[in-house]
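Enquirer: I would like to see how this sequence folds:
(chains A, B and C)
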Amino acid sequence: MPAGTCAESRPPLPLPDTPTTRKVWRIHDYRLDLTLQCGQAFRWQRHGPRWWGVADGKPVELVQNGTLLQARVPEPVPDWAWLENYLQLHAPLPAIWATFPDDPHLHRARAQWHGLRLLRQPAWECLASFLLSSCKRIEQIQQVIERLCRRWGDPLPALEGLPTLYSFPPPGRIAAATEAELRACGAGFRAPYLLAAARAVDQGRCPLDELPRRTYPEARAALMNLPGVGPKIADCVCLFGLGFLEAFPVDTWIARVMRERYFRGRRVSEETLAEFGRSRFGPYAGYAQQYLFHDRRMTDRPREAHLHNPPSG
DNA sequence: TGTTGACCTGGCCGG
DNA sequence: GTTCGCAGGTCAACA
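Expert: Next comes the predicted model:
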């Protein structure tokens, strides 16, 4: 190759990304309102078309206007991969749907709730949140988590015009708290579970960072070694925090819908339902679970069906 | 192996 | 204003 050609064809030196506080994406098959409010994450607040919360440790304001998604952060960031990953903007939803069997119940849920996505949350925040979730409504879970963040989290740089948001407390901070202090935040009988989990993670006995590199059964078993973590919470953490999309959490809602629609109302154990869900819906069973779960929940709670309204923004 | 009650707390509902 | 059953789960005791 001639020397001159080589110099001309050399790619330009990569320029560092210019840090920005705003970003716009064109998105398809995405419903921000459903995704943030369906019960997989507990730190998002809605005011009209605007959503604000903490994603991957950073305060963010989000607005969806049709196929445009706008984000705003208080301090310039060089890239937005962290938010794209959290929101799973690049998850191939049509390809995921193509893997599912021809299932009338799933088709109906898809038609109604198309655009609902699974988030990818920080594993510790996900584990702590779902440890606090048993026998609580979403609003109550949000309140307890907010108290924990205000008490043991750090204030984050404020978005102009919005209240101060707090980081999710790292395991070491919770590990240093007392059970009574956690109960005072509203954790109730879940307080000793949260404390034990925080200490296990903080001391490296439950290496959350390593679990995504293990197999799903190994990660699930490691989580279930923690006190207070049964099959349901372990599967929620696998699905929403570790990226194991084959996980199929079985809670009371999904157990009801599965027994009704696939087992003619027969009594079937929850472990059997989880195995059935994973084998029927395959490597993306978690997506199927979330659609079936949300469909059933909205059927039983029509008051909350305003979620069906597309974003007004 | 499957079933049952206890565990905190707070919003809801009927009296 | 008060009472009561209930809620997106887990654990341990018991049959």
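
Enquirer: need the pLDDT of the closest residue to DNA strand C within chain A.
Expert: For chain A and DNA strand C, the shortest gap (Cβ to the nearest atom of the strand) falls at residue A:39, measuring 1.9 Å. From N, CA and C alone the C-beta is placed, and that goes for glycine too. If you check residue A:39, the pLDDT there is 92.

Enquirer: go ahead and confirm it touches residue A:136.
Expert: No - contact criterion Cβ atoms under 8 Å: residue A:39 and residue A:136 do not qualify, at 11.1 Å.

Enquirer: got the residues of the stretch 151-300 of chain A near DNA strand C?
Expert: Along the stretch 151-300 of chain A, the residues adjacent to DNA strand C under the rule Cβ under 7 Å from any atom of the strand are A:189, A:227-234, A:236, A:249, A:251-253, A:293, A:297.

Enquirer: for those, work out which two are farthest apart.
Expert: Pairwise distances among these were taken by Cβ to Cβ; the largest, 28.1 Å, belongs to A:227 and A:297.

Enquirer: contacts only, for the residue of chain A closest to DNA strand C.
Expert: With contacts defined as Cβ atoms under 8 Å, 6 or more residues apart in numbering, the neighbours of residue A:39 are A:138, A:293, A:294, A:297.

Enquirer: go again using 10 Å as the cut-off
Expert: A:133, A:137, A:138, A:141, A:236, A:251, A:253, A:290, A:293, A:294, A:297 (Cβ atoms under 10 Å, 6 or more residues apart in numbering).

Enquirer: going through those, which ones are buried?
Expert: Among the contacts of residue A:39, those that count as buried by neighbour count (16 or more other Cβ atoms under 10 Å) are A:133, A:141, A:236, A:251, A:253, A:290, A:293, A:294, A:297.

Enquirer: the second one is in contact with residue A:188, isn't it?
Expert: It refers to residue A:141. No - taking contacts as Cβ atoms under 10 Å, residue A:141 lies outside contact range of residue A:188: 11.4 Å.
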